[in-house]
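Peer 1: 3D model of this:
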Amino acid sequence: MKDHLRQEGKFTYLEKGEGTPIVILHGLMGGLSNFDGVVSYFPENGYKVLIPELPLYSMSLLKTSVGTFAKYLKEFLDHKGYQKVILLGNSLGGHIALLATKMFPESVEALVITGSSGLYENAMGESYPRRGDYEFIKKKAEAVFYDPQVATKEIVDEVYETVSDRNKLVKTLAIAKSAIRHNMAKDLPKMQTPTCIIWGKNDTVTPPEVAEDFQRLLPDSDLYWIDQCGHAAMMEHPQEFNEVLHAWLKERAI
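Peer 2: Next up is the predicted model:
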């Protein structure tokens, strides 16, 4: 995966394949590897996949917000010279994708959200920043998935490292607060972009009723469920996720 990473100016990103660009926005605790399934599938099927590394921890605290990340995404699209892209976001990444679609609708041909914040999320719990408590972090990470086995040691270590780093923890909490402030319930009915909503039936972070609300509020949206699946469908059921998304893109001729 790392071999595809490029660095140009302030942008570090992964790029693979040729064709219509699918730009992926990762979540707060999610590394780029969360999308390995998507990255291996879509370039084989006529799409170019790009994952910019979001500057979650490198912005000044004052600028650490969902809105700033949406603008950063637009700068990335301009840097690449893209007129129109498909945006795909999970969790916080879905929220950034939604906000970017609201702010720059002309740049987004289609939107794909999975386990997205923006309406409601079950925050990591008030007891979240228990620094140094590895078991606690492990339980929290496992709770993100239907099958706790998906939370590999590597994933737990990454989350643990993030919350053990005081600077990252402060930024993480600032982003979480910004996400709660940026509730999009009033914006969604005005957003005409075709939207594919793919949701885990067993998501406890953004429960299934959140997906139903997104579908109700977004004028041109389709909702697909994945069974025995938590908050990160593209990680837990990559094959099914890809099949659902590919079928939707074909149906919409995108």
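
Peer 1: going forward, measure contacts between C-alpha atoms and count neighbours the same way
Peer 2: Fine.

Peer 1: got a list of contacts for stretch 56-66?
Peer 2: 28, 69, 95-96, 99, 167-168, 171-172, 174-175, 178-179, 182 (CA atoms under 8 Å, 6 or more residues apart in numbering).

Peer 1: closest to Glu106 among those?
Peer 2: Checking the contacts of stretch 56-66 against Glu106 with CA to CA, the nearest one is Leu99 at 12.9 Å.

Peer 1: that older thread, so which of the contacts of stretch 56-66 wins on neighbours?
Peer 2: Ile96 (32 neighbours; other CA atoms under 10 Å).

Peer 1: list the residues that contact it.
Peer 2: Leu25, Val66, Gly67, Phe69, Ala70, Gly89.

Peer 1: Val85 versus that one, what's the distance?
Peer 2: Distance, Ile96 to Val85, using CA to CA, to the nearest Å: 14 Å.

Peer 1: what distance separates the start and the end of stretch 54-67?
Peer 2: End-to-end distance (CA to CA), stretch 54-67: 12 Å.

Peer 1: right, I mislabeled it, should have said stretch 209-223
Peer 2: 11 Å.

Peer 1: quick check: bridge partners of the residue nearest in space to the middle of the chain?
Peer 2: By CA atoms, centre = their mean, the chain has its centre lying nearest to Asn90, at 2.4 Å. Beta-bridge partners for Asn90, by DSSP bridges, are Thr114.

Peer 1: check Pro52 too.
Peer 2: Tyr13.

Peer 1: what of Ile86?
Peer 2: Beta-bridge partners of Ile86, as defined by DSSP bridges: Ile22, Ala110.

Peer 1: residues contacting it?
Peer 2: Thr20, Pro21, Ile22, Val23, Val108, Glu109, Ala110, Leu111, Val112.

Peer 1: now with 10 Å?
Peer 2: 20-24, 47, 49, 97, 107-112, 194-195, 249, 254 (CA atoms under 10 Å, 6 or more residues apart in numbering).
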